[in-house]
Each structure stands twice: as structure tokens, then as C-alpha cells.
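Visitor: I'll drop the sequence and a predicted model, then ask my questions.
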Amino acid sequence: MIRAFLFDMDGVLAESEELSVSVGVSYFRSIGVNASSSDFSRYLGGGERIFFDGPAKDLGLSGPPYSYEDASAFFRKEYGKRAADLDLSLPGAKEIVRSARKRGIMTALASSAPRWKVLMNISCIGLEEADFDFIASGEDIKRNKPFPDIYSLCLIRLGLDGKEAIVFEDSVMGIRSAKSAGCYAIGTGSTYSVAELYGAGADRVVSDLAAFGSADDAAELIGEGRRAMHAVITDYLKDHALEMAEKARLNAYAPYSRFKVGAAVVTASGRIHTGSNVENSSYGATICAERNAVTTAISEEGRTSIDLIVVFTESDPPSPPCAVCLQVLAEFAHPDTAVILASERSRVEMKFSELLPKPFTLNTI
């Protein structure tokens, strides 16, 4: 029985990793060292010390002008200044924490970051310390992620066994930490690929916490197991995918038809991939939004199933995918795949089998 949700902060509840990296780059530039965001990517999730010491070592800095103490002081001052007026909440973050509390599921934060940053981020995502039964920071442990210590501490304080807790993590080090503590682990976000998170031991990977409409949805997902065939399509996830499809439409390149389309597909991993139509003066070379989204999903995840398709157009009633797109979608969708056709004025939902009841197939795979 699942009795607790344990959350990492950066990249799971708070959209703070880009901000953290930006401040890190600024520190190195302040000491005359040209660092880039890529210098920090492999050190995300392991705490502030490795966040600075790792890039410093890679950049050949073993001493002055680099100092971890100076870097830490610079980070606290600059991060606090930049984050003060920001809303850092990631999709679904507040909803799942609050629904868990309402459901009687305990919640805890387990962040490798220093406590001051954890508390600041809680405020910046619109939550309070009281929304969590326990908060653990990098200052509470000697060994940070990927060691299990921080999640083991949470379990001890909550009086639980690892099998009674779901951990939400976005980094490889965080997933390894959670699994070493004996917990179920759901990987989130786009910091690492689906393959990397599964490779680290994740029981499931989702795009973000918007994949869950409620705490019950998350618990149900674990019940399906790591190799579950389909995503949990909640109303919240539908709305989130619809919002992303609408945004994708704004990037459409349609100078000839002037008919802009945005599409989003949700795969079995729970991740959302978007696309927009890209036209060409040679009409046959035009790529529709739906095919753009599908090819993006396959290139990032490999062969997978599509469990939700969203198409956002300007027409009313909303337009369905063209015949070619339906055939491409049929390669990865299934008869019960949910389909949403939407515009600014209306929204229609159906199953994929209603759009294409008899797709062509060679039956060779």
C-alpha cells in the first residue's frame, strides 16, 4: 500500500534547474572563467557541492580563483535575487501535493539543495512548509544522491518501509538514490531521456506531474508496473496536452494555406511531444503537425505506443488529421487511443478507431 509521496524539488516541483545553471555560469564568469550550461548538466541532482566542484574540475580549476565557499555565497545571493518574484511551479506540482494531503497520503521533500534554497523554492511554487510532513535537504545528510541516505532519512522520519513510498525524481542520481532506498521511483521531466531514467532504475517515466490528475492516479500507475502498456490519461493530462498543442500551433509555418495546426501526442511513458505543420512551396514536401509530433516522439523514445492525440486548429468545428497523418498515427496508436480535436471555440473527443476504423497494415511487426 502506498502511504507517502517523496518529492525531489528542482526539476520535479520547481522549474529551477535552468535558473540554477544560469547562476552557476554567472559565478564562473565573475572569476574570469567561460563556462556554459552544458558544463553543469551531468552534475544536476547531486547537491550544491558537486554542482560547483564538478564543473570546476572539468574546467581545470583546482584552486584560486575558484573557491566553493565563494561560489556558494555568490549562488545564494544571486539565486535569491532572481527567484524572488518568479513563479517556478511546474505543471501539476501543487495539485498532486494537495490531493495527496487530502487523500491522507504523507508527503515529504528530499532535495540535495541547501535548506535555504528548498524553502525559497517552496514559496516560489505557491506551497508552504506545512504542505509537507517532512523536509530533508542536503545539509541533513553526509552522503548526497546517488546514495540512498536522503530518502532513507525520509522513510525513517515517516515510519515507513520503502515499498510504501513513491519517489518523484528527474535526475539519474536521484532515481538511483530512490531505488537504493527501496522505493518505487517515477522519473519526470526532460533533463534526462526516457532511456536514461529507465536505465537508472525508474519504475515509470512521465513528462511531468501533470500526468496525474490526483494522488490516486499516481498510485494506480505504480500498480500497473514498469512495463505498463499505456499511460494514465487523466482530465488534467488532456488539458495540459491541449495547452501544449495550442502553443505549438503558434510556431506553424503555413505561408501558402495560412491554416496553422498544432498537435500533441502522449506516449506510453506519459511524455508529451508536440509538432506544428511546416509547409513547402512544393506541396508534397509539406509536413503536417501530427506527423511532426509523432516523429519527434519516436526519435526521442524509440518505438512506443501513443495513448492520446490532440490536434488544435483554427476551424470550427475542429479539423481532424488528414488521411496520410491518420495512417502514420495508426502505426503507433491503438483503437482506444483518445483523440481530442479542438479550436478556440470548441472541443470534440473520440477514440482513434472512430477516425480510422480500418487502418492499412502489413502485419509484419
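Guide: Nice, I can see it.
Visitor: Now do the contacts for residue 245.
Guide: 262-264, 274, 310-312, 342 (Cβ atoms under 8 Å, 6 or more residues apart in numbering). Using the backbone N, CA and C atoms, a C-beta is placed for each residue, glycine as well.
Visitor: So which of these are in strands?
Guide: 262-264, 274, 310-312, 342 (DSSP state E).
Visitor: Nearest to residue 36 among those?
Guide: residue 274 (26.4 Å; Cβ to Cβ).
Visitor: Isn't the closest one up against residue 243?
Guide: No. The criterion here is Cβ atoms under 8 Å, and residue 274 misses it with residue 243 at 10.2 Å.
Visitor: circling back to that earlier point, any idea which of the ones in strands among the contacts of residue 245 is the one closest to residue 113?
Guide: Closest approach to residue 113 among the ones in strands among the contacts of residue 245 (Cβ to Cβ): residue 274, at 30.1 Å.
Visitor: Which one's more surrounded, residue 274 and residue 243?
Guide: Neighbour totals were compared for residue 274 and residue 243, and residue 274 leads with 23 against 16 (other Cβ atoms under 10 Å).
Visitor: from the ones in strands among the contacts of residue 245, which two are the most distant?
Guide: It's 274 and 342 that sit farthest apart of the ones in strands among the contacts of residue 245, by Cβ to Cβ, at 13.7 Å.
Visitor: State the phi and psi torsions of residue 77.
Guide: Main-chain torsions, residue 77, degrees, to the nearest 10: phi -70, psi -50.
Visitor: can you give me the strands in the stretch 1-150 of the chain?
Guide: 4-7, 106-110, 134-136 (DSSP state E, counting those that start in this stretch).
Visitor: nope, the stretch 251-365 of the chain is what I was after
Guide: For the stretch 251-365 of the chain, strands defined by DSSP E, counting those that start in this stretch occupy the ranges 262-267, 272-276, 306-312, 338-342, 347-351.
Visitor: ok, residues contacting stretch 154-166?
Guide: Under the criterion Cβ under 8 Å, 6+ apart, residues 1-6, 106, 108, 110, 133-134, 136, 151, 181-186, 218-219, 222 lie in contact with stretch 154-166.
Visitor: Pull the CA coordinates from it and hand them back as CSV.
Guide: What follows is stretch 154-166, C-alpha atoms only, in CSV (Å, rounded to 0.1, in the frame of the first residue of the first chain):
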residue,chain,number,x,y,z
CYS,A,154,12.6,10.5,5.0
LEU,A,155,11.4,6.9,5.4
ILE,A,156,12.7,6.8,9.0
ARG,A,157,11.1,10.1,9.9
LEU,A,158,7.8,9.0,8.4
GLY,A,159,8.0,5.5,9.9
LEU,A,160,7.7,3.7,6.6
ASP,A,161,9.2,0.9,4.5
GLY,A,162,10.5,1.8,1.0
LYS,A,163,7.7,-0.2,-0.6
GLU,A,164,5.2,2.1,0.9
ALA,A,165,6.6,5.2,-0.8
ILE,A,166,6.7,6.6,-4.3
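Visitor: Buried residues, it. List them.
Guide: For stretch 154-166, the neighbour count (16 or more other Cβ atoms under 10 Å) marks 154-155, 158, 160, 162, 164-166 as buried.
Visitor: Among the residues you listed, which one sits closest to residue 12?
Guide: For the buried residues of stretch 154-166, the nearest to residue 12 is residue 166 (11.9 Å; Cβ to Cβ).
Visitor: Setting the sequence-adjacent residues aside, check what's closest to that closest one.
Guide: Spatially, and ignoring its direct neighbours in sequence, residue 166 is nearest to residue 184 (4.8 Å; Cβ to Cβ, 6 or more residues apart in numbering).
Visitor: Give me the pLDDT for that neighbour.
Guide: Listed pLDDT for residue 184 reads 93.
Visitor: ok, back up a step: need the ones in strands among the contacts of residue 245 in CSV with pLDDT and distance to residue 78, can you?
Guide: Converted to CSV, these look like this (pLDDT from 0 to 100; distance: Cβ to Cβ, whole Å):
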residue, pLDDT, distance to residue 78
262, 97, 36
263, 97, 39
264, 96, 35
274, 95, 33
310, 97, 39
311, 97, 43
312, 97, 39
342, 96, 41
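Visitor: State the distance from the residue nearest to residue 166 to residue 159.
Guide: The spacing between residue 184 and residue 159, counted by Cβ to Cβ, to the nearest Å, is 18 Å.
Visitor: How about residue 125?
Guide: Using Cβ to Cβ, which is the criterion applied here, residue 125 is 27 Å from residue 159.
Visitor: returning to what we had before: for PyMOL, write the select line for the buried members of the contacts of residue 245.
Guide: Per 16+ other Cβ under 10 Å, the buried members of the contacts of residue 245 correspond to this PyMOL selection:
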select buried, resi 262+263+264+274+310+311+312+342
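Visitor: Of the contacts of residue 245, just say which sits nearest to residue 287.
Guide: Ranked by distance to residue 287 (Cβ to Cβ), the contacts of residue 245 are led by residue 263 at 11.0 Å.
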